[in-house]
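> Kindly return the folded structure for what I paste below:
(one chain, ligands or ions: 2)
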Amino acid sequence: MNDCIFCQIVANKIPNVTVYEDDVVKAFLDITQVTPGHTLVVPKRHVPDIFAYDTELASAVFERIPMIATAIKNSNPDIKGMNIMNNNGEVAYQSVFHSHIHLLPRYDDADDFSIHFGDHSADYDTAKLEAVAETIRHQLEVQ
Ligand code: 5GP
Ligand code: ZN
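Ligands and ions are numbered 1, 2, ... in the order given. Purely as a prediction, here's the structure:
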């Protein structure tokens, strides 16, 4: 057994509170409960981050998200919405390097979750965006 904490949870070597599992994923309650019902969905196969998924694993993992998200939402009438987050890399707040998707139920403005989207629309410049897009499109072509 490797020392990855989520591999150990998948193998039930570490106590966990599971809400769903099958041959592809395990979904368990996050230890921090940022908001009540905060759930992590992890592929059972160890992949460190989104960049390591192949198409087959991505299809299998992400197709299960709506089912689990809907069950969480329907479990509590106070849940008004949900943020779904997948952090990749330390700079993006990833702290456990076994890929996982956070399902964060939202209750009202006073729940303990927030996210900041900086607004740089005043700097909007089509030519600059086209240059950025071109580098991304090129990478998609060579993949
Ligand atoms: P990240 O920061 O990598 O996006 O999220 C990692 C998440 O894993 C954190 O929200 C943290 O609370 C959760 N976590 C870390 N260790 C454990 C654990 O042993 N059990 C559970 N259930 N959650 C954990
Ligand atoms: Zn792992």
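> Which residue ranges of this protein form strands?
In chain order, the chain shows strands spanning 18-21, 25-29, 39-43, 81-85, 101-106, with DSSP state E as the criterion.
> Which one of these lies nearest to residue 119?
Checking these against residue 119 by CB to CB gives strand 81-85 as the closest, at 18.5 Å. All C-beta atoms are positioned from the backbone trio N, CA, C, and that covers glycine.
> Identify the residues contacting the residue lying closest to residue 34 once chain neighbours are set aside.
Among residues not flanking residue 34 along the chain, residue 113 sits closest, at 5.2 Å (CB to CB, 6 or more residues apart in numbering). By CB atoms under 8 Å, 6 or more residues apart in numbering, residue 113 lies in contact with 34, 35, 83, 104, 106.
> Point out the residues in the protein that sit beside ligand 1.
Counting by CB under 6 Å from any ligand atom, the residues of the chain close to ligand 1 are 5, 14, 16, 28-32, 87, 93-96.
> Just say which of the strands of the chain is most tucked in.
The densest packing among the strands of the chain, expressed as mean neighbour count by mean count of other CB atoms under 10 Å, is seen in strand 39-43 with a mean of 23.
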